[in-house]
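A.B. asks: Kindly return the folded structure for what I paste below:
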Amino acid sequence: MPDKIQLEHILFLDIETVPEKRSFDQLDDTTQQLWAHKSQYQRKEEFTAEEFYDRAGIWAEFGKIICISVGYFTFQGKNRSFRLTTFYGEEVELLQEFQTLLNEHFNHTKNILCAHNGKEFDFPYIARRMIIHGISLPNKLDLFGKKPWEIPHIDTMELWKFGDYKHYTSLKLMAHVLGIPSPKEDIDGSMVKAVYYEENDLKRIVNYCELDVLTTAQVYLRLRNESLLEDDEVKKVTK
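C.D. replies: Down below sits the predicted model:
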């Protein structure tokens, strides 16, 4: 159960992704063909491969990570705080920085990664992009040979399923039904590509990503039946 794990041993995270190229016509011929084949089932006859390319960011083979936000609890006596920071910019560099964080500070057996829908999206996406760039997987992302109960990942959406494998609940909906105050977000996931490629406003995306990490931590606290974080307990740390 969630309350059996010490909060300070958990690294909460969220990623934001976009298509690797700004537009479909920037892809080479082979990649265009592979994208058309990969997306065929989802787009059916409603969209051409080019029209559907806006959604390429959700596939690690055709997208890239533009930021990874993380959060973790610290305690001084009975006083707790939640620290937020983000790795952003060039994908190779942010992945290397994230790898260093995991290897140097979250590499113990007791450490666990937590994300909303992380087992289906964030964790495998990060691992795949690391492999693509020739970056060695940190232990927390290398699942080869591990039994299910040995995998150091928590997924708040999976916890909410209670065994109902067909059930999908967004982070926003889950936060709402659990009475968690909605963060003041000025964008949503569908806007990230435009904000990145057209507005060139990465800081805006970083803020959105950090709010999702905070919300994930709040959801986890509610699942443990613990008090939510107050504003003065949340600290943003710049790299």
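A.B. asks: use CA for all of it now, contacts and neighbours both
C.D. replies: Noted.
A.B. asks: number of nearby residues for F82?
C.D. replies: 20 (other C-alpha atoms under 10 Å).
A.B. asks: where's it relative to R224, distance?
C.D. replies: Going from F82 to R224 by C-alpha to C-alpha, to the nearest Å gives 16 Å.
A.B. asks: Isn't T74 up against I10?
C.D. replies: No: applying C-alpha atoms under 8 Å as the test, T74 and I10 come out as separate, 10.3 Å apart.
A.B. asks: Those two: which is more packed in?
C.D. replies: Neighbours around T74 and I10, counted as other C-alpha under 10 Å, are more numerous at I10. The numbers are 21 against 14.
A.B. asks: Kindly state the beta-bridge partners for the more buried one.
C.D. replies: Taking DSSP bridges as the rule, I10 bridges to I112.
A.B. asks: Number the residues from 41 up from this point.
C.D. replies: All set: I'll call the first residue 41, so the last point we hit is now I50.
A.B. asks: gap between it and A257?
C.D. replies: 10 Å.
A.B. asks: So R62, which state does it fall into?
C.D. replies: When classified by DSSP: H, G, I helix; E, B strand; the rest coil, R62 comes out as coil.
A.B. asks: isn't it right next to Y237, touching?
C.D. replies: Yes: using C-alpha under 8 Å, R62 is in contact with Y237, at 6.4 Å.
A.B. asks: burial of T70, as a residue count?
C.D. replies: T70: 9 neighbours (other C-alpha under 10 Å).
A.B. asks: what's the spacing between the closest residue to V277 other than its chain neighbours and K180?
C.D. replies: Take V277 and drop its neighbours on the chain: the residue closest to it by C-alpha to C-alpha, 6 or more residues apart in numbering is T125, 5.1 Å away. Separation of T125 from K180 (C-alpha to C-alpha) stands at 19 Å.
A.B. asks: follow-up on the earlier one: can you tell me the helix or strand for the residue nearest to V277?
C.D. replies: Assessed by DSSP states H and E, T125 sits inside strand 119-128.
A.B. asks: Quick check: buried residues in that strand?
C.D. replies: Of the residues in strand 119-128, S121, F122, R123, L124, T125, T126, F127, Y128 count as buried by neighbour count, 16 or more other C-alpha atoms under 10 Å.
A.B. asks: isn't the last one right next to I106, touching?
C.D. replies: Yes: using C-alpha under 8 Å as the test, Y128 is close enough to I106 to be in contact (5.7 Å).
A.B. asks: circling back: partner strands of the strand holding T125, with direction?
C.D. replies: Partners of strand 119-128, by DSSP bridges, with direction: strand 103-116 (antiparallel), strand 274-276 (parallel).
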